[in-house]
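K.L.:
what's the 3D shape of this:
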Amino acid sequence: MPTVVMWECSMLARVARVNFRRTVREFFNDLFSNPAYQPIDITPEEVFVADELRFTRDPFDALICASARTAGLPLITRDADIRGSGVVTVIW
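P.N.:
Alright, predicted model coming up:
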């Protein structure tokens, strides 16, 4: 999981758009106790790829898509802009 996802989740929790029923730290510590879910740091290459993605003005979406694209991994998202962009494979 790109670390930028953690930051976006933190921002969404702060404005009450999501409720983890615990702190963001506790949520991600629990999540990362499962080896299938591990944090992935953003690389310079992902920043360059994100800059080249023009389907969105949302910097979080651009970095998240760039991370998935660079890693060759699908995204789990309901975001219609990401789903319609075709820049990454989307699940869900």
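K.L.:
Show me the strands in the chain, by range?
P.N.:
Per DSSP state E, the chain carries strands over the ranges 75-76, 90-91.
K.L.:
Output those strands in a markdown table; the columns should cover mean neighbour count and distance to residue 9.
P.N.:
Just so you know, the C-beta spots here come from the backbone N, C-alpha and C atoms, and that holds for glycine as well. Formatted as a markdown table, the strands of the chain follow (neighbours: other C-beta atoms under 10 Å; distance: least, C-beta to C-beta, whole Å):
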| stretch | mean neighbour count | distance to residue 9 |
| --- | --- | --- |
| strand 75-76 | 16 | 13 |
| strand 90-91 | 13 | 18 |
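K.L.:
mind putting those strands in a markdown table, distance to residue 32 included?
P.N.:
Formatted as a markdown table, the strands of the chain follow (distance: least, C-beta to C-beta, whole Å):
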| stretch | distance to residue 32 |
| --- | --- |
| strand 75-76 | 16 |
| strand 90-91 | 20 |
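K.L.:
Adding mean pLDDT and distance to residue 3, write those out as JSON lines.
P.N.:
Below are those laid out as JSON lines (pLDDT from 0 to 100; distance: least, C-beta to C-beta, whole Å):
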{"stretch": "strand 75-76", "mean pLDDT": "92", "distance to residue 3": "15"}
{"stretch": "strand 90-91", "mean pLDDT": "93", "distance to residue 3": "20"}
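K.L.:
Of those strands, give the one that comes closest to residue 31.
P.N.:
Among the strands of the chain, strand 75-76 comes nearest to residue 31, with 12.8 Å by C-beta to C-beta.
K.L.:
Could you list every helix and strand in contact with the closest one?
P.N.:
helix 59-71, strand 90-91 (3 or more C-beta pairs under 8 Å, 6 or more residues apart in numbering; DSSP states H and E).
K.L.:
what helices or strands is the longest one leaning on?
P.N.:
For helix 59-71, the contact count by 3+ C-beta pairs under 8 Å, 6+ apart identifies helix 3-14, helix 44-52, strand 75-76, helix 80-85 as packing neighbours.
K.L.:
Pipe these into JSON lines and attach distance to residue 61 per row.
P.N.:
Output for those, formatted as JSON lines (distance: least, C-beta to C-beta, whole Å):
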{"stretch": "helix 3-14", "distance to residue 61": "9"}
{"stretch": "helix 44-52", "distance to residue 61": "9"}
{"stretch": "strand 75-76", "distance to residue 61": "10"}
{"stretch": "helix 80-85", "distance to residue 61": "6"}
